[in-house]
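> I would like the atomic coordinates for the input below:
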Amino acid sequence: MAVMTAEGSSIDSTRPSIARVYDYLLGGKDNYAVDREVGDVFFRDLPGSVAIAFANRAALTRAIAQIVKTTDVRQFIDLGSGLPTADNVHQVAQRHAPESRIVYVDNDPQVLVHGCALLEQNDRTRVVRADIRDPEGVRTHPDTRELIDFDRPVAVILSAVLHHVNDDEDPAGIVRHWRDHVSSGSHFFVSHFRSGDNPETAEAERVLQQTFGRGRWRTDEEIAFLLDGLEILEPGIVPAPLWRPDTADNPWSARGEERELTVWERLIVAGLARKA
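Now for the predicted structure:
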């Protein structure tokens, strides 16, 4: 069944959506039975794997806060943003710097509907329906140009999205395009599924590829290559829970109780880079 949005876009509730499956794994309500069926494979057959979604979201939240608190960057482009959830990029950024401006980009019509509803009263935020594989189309979109001043530093957010871009779609080229069109001092946050070389993560990759017909786990070296030409900041490309775990409620914080990461918590890595 196709559901029509107010903008005339069609939401297909008979086919799973990456954004809606992720929403379900995070405990959201903006999903259909077909999305829950995919999510339940992880809940049922790959116990512990749901930690990936939470570890990734927490690292993203920390990254946005770090960028705002330690740099003069006040512009964000969130590519493949997904459905709104707790502590979205604009909420974290504007909590620390109310003047921050954010453009969310996704090609899922349901993301557009829910994003626009959430941001209706926020004049420093836009939601653009576009494909991240067309970076020039995103960059020159009227809503992007209205909100983002490319003569000033920008934070480009690629959270858990490049592993859905196949090699022949040139994920490194997507990052390179943005690198070449943003000013010095711009930052890039990337999180990405890494090759685990174990049966559990191989099965997780198989499920997603079979469901969505795409997806590519990459090695740490391949992920670092996506940021070629940028300065990768400390602590480098590391498991998401270990990326600047600086909050007291984070179990991997220097102030928290240390423990060994699970195989799932090692599957998603994060890194922050800067354009000199």
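> in the stretch 1-150 of the chain, which spans are helices?
With DSSP state H, counting those that start in this stretch, the ranges of helices along the stretch 1-150 of the chain come out as 18-25, 33-45, 51-70, 89-96, 109-118, 135-139, 142-147.
> alpha carbons of the second one, as CSV, please.
So that's helix 33-45. Provided in CSV are the C-alpha atoms of helix 33-45 (Å, rounded to 0.1, in the frame of the first residue of the first chain):
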residue,chain,number,x,y,z
ALA,A,33,5.1,-4.0,9.9
VAL,A,34,7.5,-4.7,7.0
ASP,A,35,10.1,-2.6,8.8
ARG,A,36,9.5,-4.3,12.1
GLU,A,37,9.9,-7.7,10.4
VAL,A,38,13.4,-6.8,9.3
GLY,A,39,14.2,-5.3,12.7
ASP,A,40,13.0,-8.4,14.5
VAL,A,41,15.6,-10.4,12.7
PHE,A,42,18.2,-8.4,14.6
PHE,A,43,16.3,-8.6,17.9
ARG,A,44,15.6,-12.3,17.6
ASP,A,45,18.5,-13.8,15.6
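> which residues outside it are in contact with it?
For helix 33-45, the surrounding residues in contact (Cβ atoms under 8 Å, 6 or more residues apart in numbering) are 13-17, 20-21, 23-25, 31, 49-50, 203-204, 207, 211. C-beta: built from backbone N, CA, C; applies to glycine.
> out of the residues you listed, which end up buried?
13, 16-17, 20-21, 23-25, 31, 49-50, 204, 207, 211 (16 or more other Cβ atoms under 10 Å).
> can you list the helices of the stretch 1-150 of the chain in a markdown table and add mean pLDDT?
Output for those, formatted as a markdown table (pLDDT from 0 to 100):
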| stretch | mean pLDDT |
| --- | --- |
| helix 18-25 | 77 |
| helix 33-45 | 81 |
| helix 51-70 | 92 |
| helix 89-96 | 93 |
| helix 109-118 | 67 |
| helix 135-139 | 97 |
| helix 142-147 | 95 |
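> of these, which is nearest D167?
For D167, the closest of those is helix 135-139, at 16.8 Å, according to Cβ to Cβ.
> which elements pack onto the closest one?
In terms of contacts (3 or more Cβ pairs under 8 Å, 6 or more residues apart in numbering; DSSP states H and E), helix 135-139 is packed against helix 171-181.
> direction included, what does the helix or strand following the helix it packs on pair against?
Next helix or strand after helix 171-181 toward the C-terminus (DSSP states H and E): strand 187-193. Strand pairing for strand 187-193, using DSSP bridges, gives strand 155-159 (parallel), strand 268-274 (antiparallel).
> what's the angle between strand 187-193 and helix 89-96?
Angle, strand 187-193 to helix 89-96, by axes from the mean of the first three to the mean of the last three Cα atoms, to 10 degrees: 140 degrees.
> and I174, how many residues sit next to it?
Close neighbours of I174, defined as other Cβ atoms under 10 Å, add up to 22.
> any idea how far V73 is from Q66?
With distances taken as Cβ to Cβ, to the nearest Å, Q66 is found 10 Å from V73.
> does D151 count as helix, strand or coil?
What DSSP: H, G, I helix; E, B strand; the rest coil gives for D151 is coil.
> contacts only, for the closest residue to A273 other than its chain neighbours.
Once flanking residues are discounted, A273 sits nearest to L230: 3.8 Å by Cβ to Cβ, 6 or more residues apart in numbering. Listed by Cβ under 8 Å, 6+ apart, the contact partners of L230 are 179, 188, 273-275.
> which among these gets closest to L162?
L162 lies nearest to F188 out of the contacts of L230, by Cβ to Cβ, at 10.9 Å.
> low-confidence ranges in this protein?
Scanning the chain for pLDDT under 70 picks out the ranges 1-11, 83-86, 111, 113-120, 247-259.
> centre-most residue in it?
S159 (2.1 Å; Cα atoms, centre = their mean).
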